[in-house]
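A.B. asks: Sharing a model prediction with you, sequence too.
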Amino acid sequence: MVKIGLLTGMEETFPLAFMEQVQKQSGGRVAAELIRLGGSRQAEGCEYALIIDRLSHQVKYYRAYLKNAALAGTRVVNNPFWRDADDKFFQYSLASRLGIAVPRTMVLPQQRVAEGVAPQDLRNLVYPLDWNRIVDYVGFPAILKPYVGGSWRHIYQVNSMDELLETYNQTGELCMVLQECIEYDHYIRCLCVAKTNILPIKYDPVLRQYIVEHEHLTEEMGLRIEQDSQRLNQALGYDVNSIEYAIRDGIPYLIDALNPAPDFSLYSLTRHYFEIVVDWMVKMALEYAEQPRELQPDLRWQKFLTS
């Protein structure tokens, strides 16, 4: 029997619905189950044709296991090698090369480096930073946030030079980006499955709440957001993702394109969107599990790095 493994954490509604629907839609040809791990040998085989990864961004052992599983021939969603390479600053650079609107963004040196780094190791850094040059480009209000990270941690809005310096001086070893704050008219979170299935949902980032409102985008805006999201997923190689846009004056600005383990909870999505996402995930999983893994270059974005 073909087997799909699910690597997940505390979430309950999505894994249960996913496993039940895999059994139902495959007619018993494919089984889906939670993976159980207790130490892994080097170069060992893997019993799963496909693994859905929902947690390795938080547990390093899981990431090590997934890379070994991929080496053994298992297809992993999302690619564990690429997930080690991505960051939020890169996403804005990539999106710019794809012609997608992005807020003005700069990546900053860490406020403090790790213990043991000698002063001579920092000879390439300009010090002190030219904050006037940085602010002249980004402007105020601005958002200061980690260049890698998630779950809304360490994200700050700053409205003046004094606020920026005070906040930056508390970020320690975190590498941060400073980004133009888009004062939006409309905010969208797109759930993406199999790269091209795009579900744009109205979202409140303050309340962190999905809003069930089916006709919230014009046909033109909906098409633009769908196409931008598809191009980002293709370039990043993400099969599963969530992408956020802040719409200002008719322009959807990319806010976040790197959420390869998006919130799929019934209680967050509501029943309507939850059932759509589960169905998409099951159809993708069955297709991937029952066909040979495609041998494609991992660096799908390589062409965007050449002039």
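C.D. replies: That came in fine, so what should we check first?

A.B. asks: Could you give the number of residues near residue 232?
C.D. replies: 24 (other C-beta atoms under 10 Å). Yep, even glycine has a C-beta here, placed from its N, CA and C like the rest.

A.B. asks: Let me see the backbone angles for it.
C.D. replies: phi -60, psi -50 (degrees, to the nearest 10).

A.B. asks: Need the residues that contact stretch 152-161.
C.D. replies: Residues outside stretch 152-161 that contact it (C-beta atoms under 8 Å, 6 or more residues apart in numbering) are 131, 135, 140-146, 164, 167, 171, 174, 176, 181, 208.

A.B. asks: how about 6 Å then?
C.D. replies: Residues from elsewhere that reach stretch 152-161, judged by C-beta atoms under 6 Å, 6 or more residues apart in numbering: 140, 141, 142, 143, 144, 145, 146, 164, 167.

A.B. asks: Does residue 177 touch residue 146 like I think?
C.D. replies: No - checked against C-beta atoms under 6 Å, the pair residue 177 and residue 146 is beyond contact range at 7.6 Å.

A.B. asks: the more surrounded of the two?
C.D. replies: More crowded of residue 177 and residue 146, by other C-beta under 10 Å: residue 177, with 21 against 17.

A.B. asks: Next, the more buried one: secondary structure please.
C.D. replies: Of the three states, residue 177 takes strand according to DSSP: H, G, I helix; E, B strand; the rest coil.

A.B. asks: From the contact counts, what lies against the lowest-mean-pLDDT helix or strand in the chain?
C.D. replies: Least confident helix or strand, the chain: helix 80-83 with a mean of 81, by mean pLDDT, DSSP states H and E. Contact partners of helix 80-83 among helices and strands, from 3 or more C-beta pairs under 6 Å, 6 or more residues apart in numbering; DSSP states H and E: helix 60-71.

A.B. asks: Helices of the stretch 101-250 of the chain, start to end?
C.D. replies: 131-138, 161-168, 219-236 (DSSP state H, counting those that start in this stretch).

A.B. asks: gap between the longest one and the chain center?
C.D. replies: For helix 219-236, the gap between its own C-alpha mean and the chain's C-alpha mean amounts to 15 Å (C-alpha atoms, centre = their mean, to the nearest Å).

A.B. asks: what packs against that helix?
C.D. replies: Where contact means 3+ C-beta pairs under 6 Å, 6+ apart, helix 219-236 is packed against strand 186-193, strand 197-204.

A.B. asks: buried ones in the last one?
C.D. replies: In this case it means strand 197-204. Neighbour-count burial for strand 197-204, counted by 16 or more other C-beta atoms under 10 Å, picks out 197, 198, 199, 200, 201, 202, 203.

A.B. asks: which stretches of the stretch 151-300 of the chain have low pLDDT?
C.D. replies: 151, 292-300 (pLDDT under 70).

A.B. asks: what about residue 130, how many residues close to it?
C.D. replies: The number of residues packed around residue 130, counting by other C-beta under 10 Å, is 9.

A.B. asks: Pull up the per-residue confidence for it.
C.D. replies: We note a pLDDT of 96 for residue 130 in this prediction.

A.B. asks: Now do the same contact list for it.
C.D. replies: Neighbour list for residue 130: empty [criterion: C-beta under 6 Å, 6+ apart].

A.B. asks: Number the residues from 705 up from this point.
C.D. replies: With 705 as the first residue, the last one maps to residue 834.

A.B. asks: on that earlier part again, just the buried residues of strand 901-908 now: which is nearest residue 803?
C.D. replies: For the buried residues of strand 901-908, the residue nearest residue 803 by C-beta to C-beta is residue 902; the value is 17.2 Å.

A.B. asks: Next up, phi/psi of residue 981, please.
C.D. replies: The phi and psi values for residue 981, taken as degrees, to the nearest 10, are phi -70, psi -40.
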